[in-house]
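Enquirer: turn this into a structure:
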Amino acid sequence: MSPHQPTSRPAAGAPGVPWNRQRLRSNNEWLLLELLRTGGGSSRAQLARDTGLSKPTVSAALAELERAGLVREAGRLAPERGRTAVLYEVDPTAGHVLGVDIGRARLRVAVADLAGTVVARRDVANRGRSANAVADAVVAAAHEATAEAGLAAGDIVHAVIGTPGVWDEQRRGVRYASSLPGWGRPGLFDRIGEGLGTAVSVANDANLAALGEYTLGAGRGSRMFAYLLVGTGLGLGVVKDGELLLGAHGALGEIGLVPLPGRAGEPATTIEQEAAADAVVRAARHFGSDGDSAARQLTAKQVFERARAGESAAVRAVEWEAERLAYAVAVLSAVLDPDLVVLGGGIGSSADLLLEPLEQALHRLAPMRPTLAPSLLGEEAVLLGAVSTALETARPEVFERRTAELR
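Expert: Numbering: from 1, shown residues only. I've put the predicted structure just below:
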């Protein structure tokens, strides 16, 4: 259950991989399968031209992939001259994955096929009063989504869970997940894995959001991209040249733990304590904003809504938040020098209010000024990153499993 880095299937001739005719056939099949996945439907002749393989080799490999349920006919192409060609495409129903986003306020679950298309999902409030209750709620939501997709638990090839904190393989638990009391207890994710009945990987939510945003959102094409997840907590995911950076102990990006000096006579606090959702509410109250007239409660979302409506106390609270986030961006810019910082998470969804004062504060604080941008995936970033990461494990596993059944 460790954070997953995308890996490719070992090639024939690699250390520990014997070079034989069967392995060569298997590599050809994998090559064609990946080409169809990334390039879309294609004919035998076109696949032969694209790969340099002979037409008989391509035909034999496609026949095996079709027998394994990994590819299927996608129609026919009738050229002006010549014979009609059969088009082939990857069969996305050959396997399914599960993505999970665990937050203090919401639990999000998605079932996706091998093409990454979400076929069922659940988005429910996190009402668990204990860590076990939250874990059981995740399992229940996953079972509901799996059933809605018309699948059994055994049809899920791999699941990736996004959570605050850092996975500790030795303890079998997460560290630094202060926003979810009791969440660091060893064995909790084993409980989830047993309930799901499938292989499970655990990854930091900001890291998954960064992968999702790099693959599908604002981070595409960036050389050094940082995703700042701002919500009930504060996290950072960094992608360099398409690769997620984790650090020596998997804790790279735990910027919320960086201390901030307190005023005279006051204890020091952390960036997370000063910039996450609860801090926005405290700032708004300090400047004179009040809670809902019935419940006497105030949320960060309401603070931003009031700021959009022009309430002076809320506007000052937003400016205060921008100052704290600017400090976080200044720190990460000095250490990592990213070309782009994307603002995401619940508070990050209010980038329309935050970006301008954040840029102004950053200009006062630091000489390094990366481009700032809002997330394009919004609150879906962690979930989509979890699905994308699960697919990196599931695709080669499904291939190996299905082709082995034919050997």
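
Enquirer: make it CA atoms for all contacts and neighbour counts henceforth
Expert: Will do.

Enquirer: parallel or antiparallel, list what pairs with the lowest-mean-pLDDT helix or strand in the chain.
Expert: Lowest on mean pLDDT, DSSP states H and E among the helices and strands of the chain sits strand 259-260, with a mean of 84. Its sheet considered, strand 259-260 pairs with strand 269-270 (antiparallel) by DSSP bridges.

Enquirer: can you list contacts of the partner strand?
Expert: Strand 269-270 has contacts (CA atoms under 8 Å, 6 or more residues apart in numbering) with 256, 257, 258, 259, 260, 261, 262.

Enquirer: most neighbours out of these, which is it?
Expert: Within the contacts of strand 269-270, most neighbours by other CA atoms under 10 Å means residue 256, with 20 neighbours.

Enquirer: how close does the nearest residue to that residue once chain neighbours are set aside sit to residue 396?
Expert: Closest residue in space to residue 256, ignoring its immediate chain neighbours: residue 272 at 4.2 Å, by CA to CA, 6 or more residues apart in numbering. Distance, residue 272 to residue 396, using CA to CA, to the nearest Å: 38 Å.

Enquirer: do the same with residue 141
Expert: Per CA to CA, residue 141 is found 27 Å from residue 396.

Enquirer: kindly report the same for residue 217.
Expert: From residue 217 across to residue 396, the span is 25 Å (CA to CA).

Enquirer: neighbour count winner among those two?
Expert: Neighbour tally, residue 217 and residue 396, criterion other CA under 10 Å: the higher count belongs to residue 217, 19 against 16.

Enquirer: quick one, grab the pLDDT at that one.
Expert: With respect to pLDDT, residue 217 scores 92.

Enquirer: how about the nearest residue to it, chain neighbours excluded?
Expert: residue 376 is the one closest to residue 217 (CA to CA, 6+ apart), at 5.1 Å.

Enquirer: residues contacting the one you found?
Expert: Counting by CA under 8 Å, 6+ apart, residue 376 makes contact with 213, 217, 218.

Enquirer: cool, residue 299 as well?
Expert: With contact taken as CA under 8 Å, 6+ apart, residue 299 is in contact with 277, 278, 281.

Enquirer: repeat that for 7 Å
Expert: Applying CA atoms under 7 Å, 6 or more residues apart in numbering to residue 299 gives the contacts residue 281.

Enquirer: which strands and helices sit next to the helix or strand in which residue 98 is found?
Expert: Taking DSSP states H and E as the criterion, residue 98 maps to strand 96-102. Here strand 96-102 touches strand 106-113, strand 156-163, helix 381-404, going by 3 or more CA pairs under 7 Å, 6 or more residues apart in numbering; DSSP states H and E.

Enquirer: check which helices and strands the second one sits against.
Expert: Pointing back at strand 156-163 there. Under the contact criterion of 3+ CA pairs under 7 Å, 6+ apart, strand 156-163 touches strand 96-102, strand 199-204, helix 205-216, helix 381-404.

Enquirer: let me know which of the ones you listed is the nearest to residue 337.
Expert: Closest to residue 337 of the helices and strands packed on strand 156-163 is helix 205-216 (CA to CA; 16.1 Å).

Enquirer: now that closest one, how far from the centre of its chain.
Expert: Distance of helix 205-216 from the chain centroid (CA atoms, centre = their mean, to the nearest Å) equals 4 Å.

Enquirer: following element in sequence after it, please.
Expert: Tracing the chain C-terminally past helix 205-216 and defining elements by DSSP H and E, one meets strand 224-230 next.

Enquirer: which is the next helix or strand following that next one?
Expert: Following strand 224-230 in sequence order, the next helix or strand is strand 234-240 (DSSP H and E).

Enquirer: pLDDT of that next one, averaged?
Expert: Per-residue pLDDT over strand 234-240 has a mean of 94.

Enquirer: just checking, next helix/strand downstream of it?
Expert: Sequence-wise, the next helix or strand downstream of strand 234-240 (DSSP H and E) is strand 243-244.

Enquirer: what is that next one packed up against?
Expert: Using 3+ CA pairs under 7 Å, 6+ apart: strand 243-244 touches no other helix or strand.

Enquirer: run me through the strand neighbours of that strand, direction for each.
Expert: When pairing is defined by DSSP bridges, strand 243-244 lines up against strand 234-240 (antiparallel).

Enquirer: hmm, who's touching the partner strand?
Expert: 206-207, 210, 223-229, 244-245, 253-256, 272, 276.

Enquirer: so how far is stretch 274-286 from its chain's centroid?
Expert: Centroid separation for stretch 274-286 versus its chain: 27 Å, with CA atoms, centre = their mean.

Enquirer: contacting residues around the nearest residue to residue 303 once chain neighbours are set aside?
Expert: Leaving aside its chain neighbours, residue 303 sits nearest to residue 314 (5.4 Å; criterion: CA to CA, 6+ apart). Counting by CA under 7 Å, 6+ apart, residue 314 touches 284, 289, 303, 304, 306, 307.

Enquirer: biggest separation within those, which pair?
Expert: Using CA to CA, the pair of those lying farthest apart is 289 and 304, separated by 11.4 Å.
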